[in-house]
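Undergrad: sequence plus the predicted model coming up.
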Amino acid sequence: MTETLAIYGTGGFAREMLAPLKHSASVQNQMDGETPEIVFVDDDPTKHGATILGQAVVSYKEASSRDAKFCVAVGDPSARRRITEQLEADQALFFSIFANNLIDPYNVTVGPGSILCDHVMITTDGIQIGKSFHANIYSYVAHDCDIGDYVTLAPRASVNGNVTIGDGAYIGTNASIKQGITIGKGAVVGMGAVVTKSVAPGVTVVGNPARPIGA
């Protein structure tokens, strides 16, 4: 029976994931002689039956009936958590998408359902990364970082060594995180921010040096 891999989402980020996933599927085909079927999943019934980049858009129910494995390609961490928790409640299986040109060592732990995009760099051992982690293009994670579940690194976000990032935090495009600090659960780091001090849970910081909005 042909395996079905379901990209959950049809937005821009989900569409960007098709190319690296197809590359992975091609590699798998070379190893075992069978190419997985790839579909998109959307909760909007008006989109069911359509195609995106040649791949069918189906309902969650339809994908589940095919015993699909899922990767949630939704940028918003809270929405990604909601969808993932529903999949977990239904005992769905997950797969991760790793671009073929990312730079990562073999002994880094990355949780299930994660996405590491093109040109992502994860430098060395001692890094722990939770489930449903998104690292967008050219983002960077250095040594001894501890990254929670549902964390998003936007393009070119830089996380230096010994940084702790709590569940559901969002690190904006071109943001830089100083070594040794903590980004709290659900915190947001704005685009281009330079974070030199720890950020409390749920707080949004912007600027250089980064400060809470309104401070």
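TA: Arrived safely, thanks for sending. Numbering: from 1, shown residues only.
Undergrad: which parts of stretch 164-184 are buried?
TA: For stretch 164-184, the neighbour count (16 or more other C-beta atoms under 10 Å) marks 164-178, 181-184 as buried. Heads up, the C-betas are built off the backbone N, CA and C, glycines and all.
Undergrad: hmm, I was thinking of stretch 137-147
TA: I137, Y138, S139, Y140, V141, A142, D144, C145, I147.
Undergrad: among those, which lie within helices?
TA: The members of the buried residues of stretch 137-147 all map outside helices under DSSP state H.
Undergrad: can you lay out the residues you listed as TSV showing distance to P112?
TA: Shown next, in TSV, are these (distance: C-beta to C-beta, whole Å):
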residue	distance to P112
I137	21
Y138	24
S139	19
Y140	22
V141	18
A142	23
D144	22
C145	19
I147	14
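Undergrad: so what touches stretch 56-65?
TA: Stretch 56-65 has contacts (C-beta atoms under 8 Å, 6 or more residues apart in numbering) with 4, 6, 8, 10, 39-43, 45, 47-51, 70, 90, 92.
Undergrad: next one: stretch 81-100
TA: Identification of contacts with stretch 81-100 by C-beta under 8 Å, 6+ apart yields 5, 8, 17, 20-21, 23-24, 27, 64, 68-74, 104, 110, 112-120, 131-132, 149-150, 168.
Undergrad: could you identify the buried members of those?
TA: Buried among these (16+ other C-beta under 10 Å): 5, 8, 17, 20-21, 24, 64, 68-74, 104, 110, 112-117, 119-120, 131-132, 149-150, 168.
Undergrad: next helix or strand past the helix or strand hosting V39?
TA: Per DSSP states H and E, V39 falls inside strand 37-41. The element immediately downstream of strand 37-41 (helix or strand, assigned by DSSP H and E) is strand 51-52.
Undergrad: residues near E37, how many?
TA: Residues lying near E37 (other C-beta atoms under 10 Å) number 15.
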